[in-house]
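Participant: have a look at this fold, sequence not included:
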């Protein structure tokens, strides 16, 4: 049992990872806020704007399985620190682009850095917190990317007015570089190597991963390939990413140029989205510790489906648009960490980061398809409604797939979670 009143290193790990996600998701989700001004001044179409983001996603999904594997082998501290350095330099360079090819190449390098700032980060936090505290810890952690999105929506109009969209990239690149030393000095990859138990572990309850005190063991990849849960959750992850990214990347552009809202009012959608995410991760993720990850994902995806259907019905009412986006964000926020938490629930801790890394291409391909489809349909038809309809259908598919995920059998040596 942890000594009462004694500081546990898990909280410092959580704080650092919180800032890492804040920076990483300010870069990733902030692209949708920067997009309208960036493509306007550079003369790009929406398809080109989606292609820039897809160059990020292509490198992100290519390297995420490797960063997940390396996290399980050499530790999260080395992977996260190196990837932050790559991210910081590349994001700073985004502020210098003036052509489509340079924007695609540089944002592709940003994706390489980001590959080490999701799976390794949430794996690290899960390892430092006991099984029944993971939803709670991930809820706190995930407020980092909600705050990042909210901050971009609130600050970016001021940056554009007083400087230009380029300074948004300069500022974010500087923040990422500042975190390199912090991560390199203070992160610790595993509580076992530090001689402590994960925070929340009690003497009379064994961690449900049944392996916190056991020596690491090698588990072959064939274990994943033969498990239907791996594929069902992976394809559900693909579908929900395809559903959500068509909305979040283009919603400011939709409000600005289809609904003709002023830039400040359109950008405020990102702030609403960010605040909604914070509410969601602080409520839905801790709730998943009690409801079970599968049940929570099904409920969340079903509500996302309803929100996307509502988006097609609000018309040009900006007040209703704010309301629908806010509700959507409450369940958007927990989506990605809760899928990551499924790796810790359904698979052994020794391959947790590997599972998250291998699932990342499912997520990334869904997002890539969403960007190309949304950009092409918008350029071809002049409206977003056709793409948003497809987004809604993909959310329904994601919900149905999770219904077929069977629970872990008790006595299997791993977890029982439904």
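Facilitator: Received, thanks. Quick caveat: nothing in here was measured; it's all calculated off a predicted structure.

Participant: quick one: low-confidence parts of this protein?
Facilitator: Within the chain, the segments meeting pLDDT under 70 span 1-5, 29, 145-146, 149, 153, 200-222, 408-418.

Participant: give me the most central residue, it.
Facilitator: For the chain, residue 336 is the residue whose C-alpha lies nearest the centre (C-alpha atoms, centre = their mean; 4.9 Å).

Participant: tell me the spacing between that residue and residue 313.
Facilitator: Going from residue 336 to residue 313 by C-beta to C-beta, to the nearest Å gives 27 Å. Every C-beta, even on glycine, is put in place using the N, C-alpha and C of the backbone.

Participant: ok, now residue 272?
Facilitator: Relative to residue 313, and taking C-beta to C-beta, residue 272 is found at 18 Å.

Participant: ok, residue 88 next?
Facilitator: The separation that residue 88 has from residue 313, given C-beta to C-beta, amounts to 42 Å.

Participant: what of residue 327?
Facilitator: From residue 327 to residue 313 the distance is 13 Å (C-beta to C-beta).

Participant: just the element for the residue nearest to the centre of the chain, please.
Facilitator: Residue 336 belongs to helix 318-346 when assigned by DSSP states H and E.

Participant: any idea which helix or strand comes after that helix?
Facilitator: Assigned by DSSP H and E, the successor of helix 318-346 is helix 352-381.

Participant: now the angle between helix 318-346 and that next one, please.
Facilitator: 150 degrees (axes from the mean of the first three to the mean of the last three C-alpha atoms, to 10 degrees).

Participant: next helix or strand past helix 352-381?
Facilitator: That would be, after helix 352-381 and using DSSP H and E, helix 385-402.

Participant: who does that next one touch, helix- and strand-wise?
Facilitator: On a contact count with 3 or more C-beta pairs under 8 Å, 6 or more residues apart in numbering; DSSP states H and E, helix 385-402 meets helix 228-248, helix 293-311, helix 352-381.

Participant: a strand runs through residue 313, doesn't it?
Facilitator: No - going by DSSP: H, G, I helix; E, B strand; the rest coil, the assignment for residue 313 is coil, not a strand.

Participant: so residue 387 sits against residue 374, correct?
Facilitator: Yes - with contact defined as C-beta atoms under 8 Å, residue 387 counts as touching residue 374 (4.1 Å).

Participant: so what sits against both of these two?
Facilitator: 246, 250 (C-beta atoms under 8 Å, 6 or more residues apart in numbering).

Participant: of residue 327 and residue 313, who's got more company?
Facilitator: Under the criterion of other C-beta atoms under 10 Å, the comparison of residue 327 against residue 313 puts residue 327 first, with 19 against 9.

Participant: identify the residues contacting the spatially closest residue to the more buried one that is not a sequence neighbour.
Facilitator: In space, and not counting its chain neighbours, residue 327 is closest to residue 307: 5.3 Å by C-beta to C-beta, 6 or more residues apart in numbering. Contacts for residue 307 (C-beta under 8 Å, 6+ apart) come out as 324, 327, 328, 331.

Participant: may I see the buried residues of the helix or strand harbouring residue 285?
Facilitator: Secondary structure assignment for residue 285, by DSSP H and E: helix 263-291. Buried residues in helix 263-291, counted by 16 or more other C-beta atoms under 10 Å: 263, 266-282, 284-289.

Participant: so the helix or strand containing residue 111 versus helix 352-381, what angle?
Facilitator: Following DSSP H and E, one finds residue 111 within helix 100-114. Angle, helix 100-114 to helix 352-381, by the same axes, to 10 degrees: 160 degrees.

Participant: quick one on the thing from earlier: correct me if wrong: the residue nearest to the centre of the chain contacts residue 363.
Facilitator: Yes - using C-beta under 8 Å, residue 336 makes contact with residue 363 at a distance of 7.4 Å.
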